[in-house]
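Asks: Kindly return the folded structure for what I paste below:
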Amino acid sequence: MRHDLEGLKSEQACAILKELGIDAWLVWVRETSQMADPVLKLILGNDLVWQSALLYTKKGQKTAIVGNFDADAVENTGIFDHVIPYTKGIREDLLSQLDGLAPKSIAINYSKTDVSADGMSVGMHILLKELLEGTTYQTALISAEELVGRLRGRKIPEEIDRIQKAVDITESIFDSCKPFVRVGMSEQEVHRFFHDMMLQHGVTCAWQEDHNPAVDAGPDKKFGHSGPTDNKIKSGHLLHFDFGVRWTGYCSDIQRMFFFGSKSDVPEEITTAFNTVRDAIQKASTFIKHGRKGHEVDEVARTYVTDHGYEEYQHALGHQLGRLAHDGGTLLGPLWERYGESPKGVVEAGNVFTLELYVTTENYGQVSLEEDIVVTKSGCTFLSRPQMDLVCIE
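Replies: Next up is the predicted model:
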């Protein structure tokens, strides 16, 4: 029995199959260096070249049918009970294994809502149906969306430890930034500082490096997925960061707000906005727990913001964190068309979420914060240190 992270997640997958009453899960891939199913890093960690079938069952069996040149590497992971190499074609071995299992339901990785559960390409879906033509297995195929959502979302202790370390490094870099930033510095200069610090800490970006961190100085810079500019920090203005790192494969995602001036210089308009964002996040953190639905958590924060006279924020309150900064599964979001079914999902203990939102001021731009939490049976625990006051740089 393999006790590294991928092995533990593979065992967890079999347990979730049993829980859901699904007979088997088929991860069906090829040339994964070009077309990578998001679950592979979670349960295997290796690339696969030829058509490959990774079979997991509710009885705990784990079988890999792979091209002969991939077989040794897969065998060496120690994850699978059986590794079956093939040379000319996979059909015979695949059907033989399915005949031995006789599954009435086979989950495969497609989803209309959750991209992390949508790893099978259209071509591979067509090919699979052709291979299964004339068998009862063709009609046994179902979506693995719920299985993958639970597998990705239910973080085991080893995963939470890695996320916590990524969060700790992120906050350490924010702390290092406080004595560095000053009036007259450009967003690009600040961005370079963060990348220098990431090198020192031995971490990489949690998302595309050209806008990680997002560095937004002053009222005229709109937040979003665009990079820093030559826009300069000015006295009496705000500076916003959205920053995350990846440490040993797991991510953080945190937003912070600085003000350039003394605490006594902070305008009431900014203080009111900051307090609204901070307190909305705290309200949501008090409400969230195992069993809540994603949209219910979002509604708590969204209502708090609108009740305080602000327009609602134009995104979800929170997404899951893990292997990716946006890790799929249940979303803490409103019931908007763009989010599909994900806000209707149930929050579970072990889920790691961001809690993030913004409000827009009339004269000073947007005020936005983001914290990272892990859900427990009775509530949640903050992985980040919540920002309770503006960081004032005099």
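Asks: okay, CA-based contacts and neighbour counts for the rest of this
Replies: Fine.
Asks: can you give me the helices in the stretch 201-350 of the chain?
Replies: 268-287, 294-307 (DSSP state H, counting those that start in this stretch).
Asks: wait, I meant the stretch 1-150 of the chain
Replies: 5-20, 40-43, 71-76, 91-101, 122-131, 145-153.
Asks: quick one: low-confidence parts of the stretch 151-300 of the chain?
Replies: Nowhere does the stretch 151-300 of the chain drop to pLDDT under 70.
Asks: picking up where we left off before, from the helices of the stretch 201-350 of the chain, which stretch is densest packed?
Replies: When you average the neighbours per residue for each of the helices of the stretch 201-350 of the chain (mean count of other CA atoms under 10 Å), helix 294-307 leads with a mean of 21.
Asks: So what touches it?
Replies: Contact partners of helix 294-307, identified using CA atoms under 8 Å, 6 or more residues apart in numbering, comprise 276-277, 280-281, 283-284, 287-288, 311-313, 316-318, 330-335, 342-347, 359.
Asks: what do you get for stretch 255-266?
Replies: For stretch 255-266, contacts defined as CA under 8 Å, 6+ apart pick out 182-183, 234-243, 356, 367-371, 387, 390-394.
Asks: Same question for stretch 60-75.
Replies: With contacts defined as CA under 8 Å, 6+ apart, stretch 60-75 is touched by 11, 14-15, 46, 48-56, 79-87, 90, 93-94.
Asks: list the buried ones in that stretch?
Replies: Within stretch 60-75, the residues that count as buried by 16 or more other CA atoms under 10 Å are 60-67, 70-71, 74.
Asks: Could I have the CA atoms of that stretch written out in PDB?
Replies: In PDB, the C-alpha atoms belonging to stretch 60-75 read as follows (Å, rounded to 0.1, in the frame of the first residue of the first chain):
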ATOM      1  CA  GLY A  60     -10.700  -0.900  -3.700                       C
ATOM      2  CA  GLN A  61      -9.100  -2.400  -6.700                       C
ATOM      3  CA  LYS A  62      -6.700  -0.200  -8.800                       C
ATOM      4  CA  THR A  63      -5.600  -1.400 -12.200                       C
ATOM      5  CA  ALA A  64      -3.600   0.500 -14.900                       C
ATOM      6  CA  ILE A  65      -3.600  -0.600 -18.500                       C
ATOM      7  CA  VAL A  66      -0.800   1.400 -20.200                       C
ATOM      8  CA  GLY A  67       1.500   1.300 -23.200                       C
ATOM      9  CA  ASN A  68       4.500  -1.100 -22.700                       C
ATOM     10  CA  PHE A  69       7.000   1.800 -22.500                       C
ATOM     11  CA  ASP A  70       5.000   3.500 -19.700                       C
ATOM     12  CA  ALA A  71       4.500   0.300 -17.600                       C
ATOM     13  CA  ASP A  72       7.700   0.400 -15.500                       C
ATOM     14  CA  ALA A  73       7.200   4.000 -14.500                       C
ATOM     15  CA  VAL A  74       3.600   3.300 -13.500                       C
ATOM     16  CA  GLU A  75       4.600   0.100 -11.700                       C
END
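Asks: Give me the distance from it to the chain's centre.
Replies: 28 Å (CA atoms, centre = their mean, to the nearest Å).
Asks: So for that stretch, mean pLDDT?
Replies: For stretch 60-75, mean pLDDT is 96.
Asks: Could you number the chain from 52 rather than 1 from now on?
Replies: Fine by me, first position is 52 from now on; the one you just mentioned is stretch 111-126.
Asks: count of neighbours near Met248?
Replies: Met248: 18 surrounding residues under other CA atoms under 10 Å.
Asks: I'd guessed it sits against Ser223; true?
Replies: No. Between Met248 and Ser223 there is no contact under CA atoms under 8 Å: 9.4 Å.
Asks: how far away is Thr280 from Lys69?
Replies: Applying CA to CA, to the nearest Å, the value for Thr280 to Lys69 is 52 Å.
Asks: do the same with Ile116
Replies: 22 Å.
Asks: can you check Thr255 too?
Replies: From Thr255 to Lys69 the distance is 37 Å (CA to CA).
Asks: Which of the two has more residues huddled nearby?
Replies: Thr255 (20 against 16).
Asks: Leaving out chain neighbours, which residue sits closest to that one?
Replies: Arg297 (5.2 Å; CA to CA, 6 or more residues apart in numbering).
Asks: who's in contact with the one you found?
Replies: 217, 254-257, 303.
Asks: how close does the closest residue to Tyr161 other than its chain neighbours get to Val418?
Replies: Spatial nearest neighbour of Tyr161, chain neighbours left out: Asp169 (4.0 Å); criterion: CA to CA, 6+ apart. Separation of Asp169 from Val418 (CA to CA): 34 Å.
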